[in-house]
Every structure is written in C-alpha cells, then in structure tokens.
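Asker: Structure, please.
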Amino acid sequence: MRGWLFAALLCASTAEAKGTAKVSFLEGAAESVAQTNSAVAPTGAWRPLTLGATLNQGDAVRTGPATRLELQLSDGSRVRLAANTTLTLTTTHFGKGERKVSLGLWAGQVWAKVTKLVSGDTNFEVSTHNAVAGVRGTSFAVLAQADASSVVKVYAGTVGVKKQNAAKAGRMQVDGPARVDRKQWEEVITTAMKQVKVSALGEISPLEDFVDQGDQAQWAAWNQERDAAIQ
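Answerer: Numbering: from 1, shown residues only. Now for the predicted structure:
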C-alpha cells in the first residue's frame, strides 16, 4: 500500500514538473481542458483553473466575462488572455537553447511578452483562423474577431504576419502605411506601434499606425505595466 501511494505521489509530482505553463495571475474565472486535436475547437470536460495551476502541451484554456489570465511559460515568456478568450497550447517545447511555441487563438484576444534567447533555435507563434504571427523577443497582441478576421498589434520589437498555411517566401519589411502585393509577398514584418489586419479570406492589409482607446487602452496599459514589472 505504501509503495503504491509513493508511486502515485511520484507520478503526480513528475506530471506537475513537466507542466510547460503556470497560472501566474488570475482575476475572474477561467477553465482548461486536455486537447487531443489542435485542428478543431476544444471540447470536453472543462475544469476550473486556479492560481498556480500547471498546464501542458495540448491543453486548451478559456476565460469568462470580466476575466484576465496570465500564463508563465517555462522560458519566462508570459501569455495573457482577455475576457471571453479561448486558446490552445498547441506546441510548447523547451530545451537547452531551444524554444518552439505555437498557440492557437480560437476567439478573443491575447497579449504575449516573449523573452529573448541569447542563442539557439527559437520559434514563437500565435495562430488564428486565417493568420500566423511569429516573433522573437517582443510584446504584441492578437485579436481573433467574430467575423473570422484578425488584427495583430505590435507594441515592442518586430512581428512577422502571414496567411495561415501560406507557403514560405522571402520577408519584406514595410515602414507603412504602404501597399503590399500579396501575390508577391506572403509575409509582412511589422514594427512597434504598427498593426496588421488580415481579412477572413486571408488578405493582408497595408501596415498602419494605431492608437488604443477605451477598453483596448486599459487592456494595453495593464499589460505594459505587467511587462515592466517582470523585466
């Protein structure tokens, strides 16, 4: 009996240690579910999330109304979910000098504060229905809108935005606002305080400046305060 209990506790401890994300802030109500197929919207038995809870690759998370949730990843990066947001931790692989993170945003809005790796293979992407935003050491927000379009806002650093399932192509940095021929370019690199809009059909609009207002301004200010506190 004691041997079985020790083994059970050891397994539980090991499972917790393998968690790739931890709930580091929670205001409101949030839930998670183990997700076996990242290509479809998460379903199954959702369980309440609490401060300090751990999540693993493949888990999905959703927030309720008037909720803010922060996840701390194994490399120190932070991912924050606004209210009424559903996100899947599609890939969360961390190794020595290596990071491969892919997050699937089904609905709502996320903010990512990505840590910089000195060297090694690093990849950090947030995908929506129609777009993929990939970064290296930056702060950015991604909004998946009700009409299946997406908006990517960059607050610091650079982000490459491309169509979902787009073939690899050369990158082009555009100071914006400037028109980009999407037949020629599959990806646009946007810089601080610029935003990119991607239509439901995957059409990438020219870069443009943005100024947050109302709830968006409050959301951005809260995230920037959190970013400053962890630096």
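
Asker: Helices along this protein, start to end?
Answerer: According to DSSP state H, the chain carries its helices in the segments 2-17, 214-230.

Asker: low pLDDT regions in the protein?
Answerer: Segments of the chain classed as low confidence (criterion: pLDDT under 70) are 1-19, 118-120, 166-186.

Asker: please redo it, this time with the cut-off set to 80
Answerer: 1-19, 35-39, 97, 117-121, 136-137, 165-186, 231 (pLDDT under 80).

Asker: most residues in a single strand of it, which one?
Answerer: As far as residue count goes, and with DSSP state E defining each element, the longest strand of the chain is strand 98-113.

Asker: Which strand residues bridge the closest residue to residue 35 other than its chain neighbours?
Answerer: Counting by C-beta to C-beta, 6 or more residues apart in numbering, residue 35 lies nearest to residue 60, which is 4.3 Å off, once chain neighbours are set aside. (C-beta placed from N, C-alpha, C; glycine too.) For residue 60, the beta-bridge partners are residue 33, residue 88 (DSSP bridges).

Asker: who's in contact with residue 60?
Answerer: Listed by C-beta atoms under 8 Å, 6 or more residues apart in numbering, the contact partners of residue 60 are 32, 33, 34, 35, 42, 86, 87, 88, 89.

Asker: Give the burial count for residue 77, as a bare number.
Answerer: For residue 77, the count of nearby residues is 21 (other C-beta atoms under 10 Å).

Asker: if I read this right, it contacts residue 115, doesn't it?
Answerer: Yes - the pair formed by residue 77 and residue 115 meets the contact definition of C-beta atoms under 8 Å, at 4.9 Å.

Asker: buried subset of the contacts of residue 60?
Answerer: Buried by 16 or more other C-beta atoms under 10 Å: 32, 33, 35, 42, 86, 87, 88, 89, out of these.

Asker: Is it possible to get CSV of those residues that adds distance to residue 51?
Answerer: Formatted as CSV, the entries for the buried ones among the contacts of residue 60 read as follows, by distance: C-beta to C-beta, whole Å:
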residue, distance to residue 51
32, 13
33, 18
35, 22
42, 22
86, 20
87, 18
88, 21
89, 18
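
Asker: Go through the residues you listed and name the one nearest residue 195.
Answerer: Nearest to residue 195 among the buried ones among the contacts of residue 60, counting by C-beta to C-beta, is residue 87 at 20.0 Å.

Asker: Check the gap between the closest one and residue 74 for me.
Answerer: 17 Å (C-beta to C-beta, to the nearest Å).

Asker: Could you do residue 35 as well?
Answerer: Spatial separation of residue 35 from residue 74 under the definition C-beta to C-beta is 19 Å.

Asker: Over to residue 105?
Answerer: For residue 105, the distance to residue 74 (C-beta to C-beta) stands at 20 Å.

Asker: No further questions, thank you.
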